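Novice: no letters, just coordinates:
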Ligand code: WQD
């Protein structure tokens, strides 16, 4: 029997896809989520894919008593994957205290309880945002951490420091920090996917909602950047590829006793794509046109960033496999499932 894993934020976008892959790998999963940015129906999608329904606790990880009760009532949890966090860059500028309280208190509570309940390790959901605007691309884990450009990005930087400091103080736990580039797409079954509340801030959900006729037109935020076609470049990584990396990291952390207590990995494809190239990929893959126009730059946007995933490829033995056109097909299938084309 594989170990029992606690997934905070497990009904969220990346969390739910990771729960599927954990269950496929034979782990028992307990989810805690306050459903502030996800729906409980996600559990049905997970069960439809894997045939197993994870244990679900509705609760807020910023309340240490809620977490303590969960760990008491679900003994034997060996690892944690912490997704529970607020993650909208723009919103974090408007509501910084919400971000610092939610993202940092959640992590401190989890770390505080781990030794008491024999939890061996925590996989932390970080972001390439910690690098700011890179001086060179592709970017590896040795790249300098620049001053955060948003409270959201700052919570990721501070969280990494909290983990490092706590372990350096002698805490008997391990951690693997995963710095994601741009997660996109949906599970090929179309049973789970991205469910942004309100107007999507991120490119792909806005793109698929435009293709579905929910949004009138996609605005490309600037085409006067110093890139081949003028639009920003990102490293778009399929969400299932990303989820699989978490399972590999968890296995490495729990099963290997000779690894460093803290390890950091960039998770990306190693390929940069521009906004316009992603639109082309979607149209090629689905045959559906995306009405779009060029608009002004969005404040705070980084011009170009993509990963050097060599360390994750060689040390974790993980490679991003899903071609971007396939990811676009899956994103479209999910959009059609949740909102049939008008
Ligand atoms: C991608 C590109 C936009 C919308 C952020 C966070 C990151 C992670 C992912 C949480 C940019 C352009 C977008 C639109 C557009 N968040 N765009 N029109 O900003 O790279 O990353 O979300 O984990 O930490 O920083 O992602 O999808 O918002 O933007 O032209 O309607 O698409 O300008 O170049 P971003 P994004």
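Specialist: Yes, it's here. Just so it is clear, the model here is predicted, and its values are computed rather than measured.

Novice: mind checking the SS state of residue 11?
Specialist: Here residue 11 is recorded as coil under DSSP: H, G, I helix; E, B strand; the rest coil.

Novice: and it, how many neighbours does it have?
Specialist: The tally of other residues near residue 11 (other Cβ atoms under 10 Å) stands at 28. Just so you know, the C-beta spots here come from the backbone N, C-alpha and C atoms, and that holds for glycine as well.

Novice: check residue 188 too.
Specialist: Count around residue 188 with other Cβ under 10 Å applied: 16.

Novice: next up, the contacts around it.
Specialist: Counting by Cβ atoms under 8 Å, 6 or more residues apart in numbering, residue 188 touches 240, 330, 333.

Novice: make it 7 Å
Specialist: residue 330 (Cβ atoms under 7 Å, 6 or more residues apart in numbering).

Novice: what's it sitting at in phi/psi?
Specialist: phi -60, psi -20 (degrees, to the nearest 10).

Novice: can you check the one 4 residues further on too?
Specialist: Main-chain dihedrals, residue 192, degrees, to the nearest 10: phi -140, psi 160.

Novice: residue 216 versus that one, what's the distance?
Specialist: For residue 192, the distance to residue 216 equals 27 Å [Cβ to Cβ, to the nearest Å].

Novice: part of a strand, is residue 29?
Specialist: Yes. Per three-state DSSP, residue 29 lies within a strand segment.

Novice: so what sits opposite it in the bridge?
Specialist: Counting by DSSP bridges, residue 29 forms beta bridges with residue 5.

Novice: OK, contacts around residue 316?
Specialist: Residues counted as contacts of residue 316 (Cβ under 7 Å, 6+ apart) are 245, 248-249, 252, 265.

Novice: who's more crowded, residue 192 and residue 216?
Specialist: Using other Cβ under 10 Å, the more surrounded residue of residue 192 and residue 216 is residue 192, with 27 against 7.

Novice: pull the contacting residues for the more buried one.
Specialist: Residues near residue 192 by Cβ under 7 Å, 6+ apart: 16-17, 20, 42, 45-46, 186.

Novice: from the contacts of residue 316, pick the one nearest residue 109.
Specialist: residue 249 (21.3 Å; Cβ to Cβ).
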